[in-house]
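J.: A predicted structure for the sequence below; I have some questions about it.
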Amino acid sequence: MTDTSPLVEGLLRIHKVISRGLNISIRKCDEYLGKQGIPPGEAMGFSMYITSLKWVTHAHHLSEDEIIFPYFKDKIDAPYSRLKDDHKTITHILDVLDQCILEISSGGVGKLREVLGEFEKLWVPHIGIEEQNFTAEKIKTIMDLKEQVNFAEKLSKHGRQNSGPGPLVLPFMIYNLEGSDREAFVLHFPWIVKKVLVPVLWKGQWKPMIPFLL
């Protein structure tokens, strides 16, 4: 149960965002390869979607490397070296994705699919290790609820500073979640972000991603 561990809930939620983003990207690559190309109306949105996936993954791992792992290293037993090595490998994969994105419109979907497959192969066991080691039960023995909330806000601030442009990344995160996860994610957003910026003022920028979002 994670209902009393906002820190663990946040970890699971960002994993869901990245996992869905990765799954949709792979599925669309397979679809495009079957069609021998990307429909012109989806090329821009697909590039934006994968770029946003890259930004969010980078920011998440940076938060773990710079804040989460140093704090918990002497408090929770976990394979930190393995997790950090995974981050380094994924960083390299994200760098390769950058080049793949540039080549999407010129028939580079096959290479993109290959790189996304490498990402998925590492990502799935990686988050399994994290979720097995950083559980609500373990966290609650170290931090009370108020401390967790404050720590989660520190992580959120760090993520916002390192995750790329808000008009793309924020909708990517919101609309790769559904139901209670989405409600919890946006709960503490200022009303102007929820009611004005994302759905109105920024929509012209992230609208091309709509076919890939929930």
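T.: Alright, I've got the coordinates. Residues are numbered from 1 along each chain as shown.

J.: thought residue 163 was touching residue 54?
T.: No - using C-beta atoms under 8 Å, residue 163 is not in contact with residue 54, being 10.0 Å away. C-beta here means a position set from N, CA and C on the backbone, and glycine is covered the same way.

J.: tell me the spacing between the nearest residue to residue 66 once chain neighbours are set aside and residue 181.
T.: In space, and not counting its chain neighbours, residue 66 is closest to residue 158: 7.1 Å by C-beta to C-beta, 6 or more residues apart in numbering. From residue 158 across to residue 181, the span is 21 Å (C-beta to C-beta, to the nearest Å).

J.: so what touches stretch 31-45?
T.: Stretch 31-45 is contacted by residues 28, 46, 104-105, 107, 109-110, 113, 207-212 when judged by C-beta atoms under 8 Å, 6 or more residues apart in numbering.

J.: tell me the mean pLDDT over that stretch?
T.: With pLDDT averaged residue by residue, stretch 31-45 scores 90.

J.: following element in sequence after the longest helix seen in the chain, please.
T.: Longest helix of the chain, by residue count under DSSP state H: helix 6-35. Later in the chain than helix 6-35, the nearest helix or strand by DSSP states H and E is helix 40-63.

J.: quick one: buried residues of that following helix?
T.: Neighbour-count burial for helix 40-63 flags 42, 45-63 (criterion: 16 or more other C-beta atoms under 10 Å).

J.: do the same with stretch 141-150
T.: Within stretch 141-150, the residues that count as buried by 16+ other C-beta under 10 Å are 143, 148.

J.: again, but for stretch 25-43
T.: Neighbour-count burial for stretch 25-43 flags 25, 26, 28, 29, 32, 38, 42 (criterion: 16+ other C-beta under 10 Å).

J.: end to end, how far does it reach?
T.: Terminal residues of stretch 25-43 lie 12 Å apart, using C-alpha to C-alpha, to the nearest Å.

J.: now do stretch 73-81
T.: Note: stretch 73-81 ends 10 Å apart using C-alpha to C-alpha.

J.: pull the residues that contact that stretch.
T.: Here stretch 73-81 has contacts from 69, 72, 129, 130, 133, 134, 138, 139, 142, using C-beta under 8 Å, 6+ apart.

J.: from those residues, which is closest to residue 15?
T.: Residue 15 lies nearest to residue 130 out of the contacts of stretch 73-81, by C-beta to C-beta, at 7.6 Å.

J.: re earlier: and the buried residues of stretch 25-43, which two are furthest apart?
T.: 26 and 42 (15.1 Å).

J.: the most far-flung residue of the chain relative to its centre and residue 27: what is the separation?
T.: Residue farthest from the centre of the chain, counting by C-alpha atoms, centre = their mean, is residue 36 at 28.4 Å. Using C-beta to C-beta, residue 36 is found at 17 Å from residue 27.
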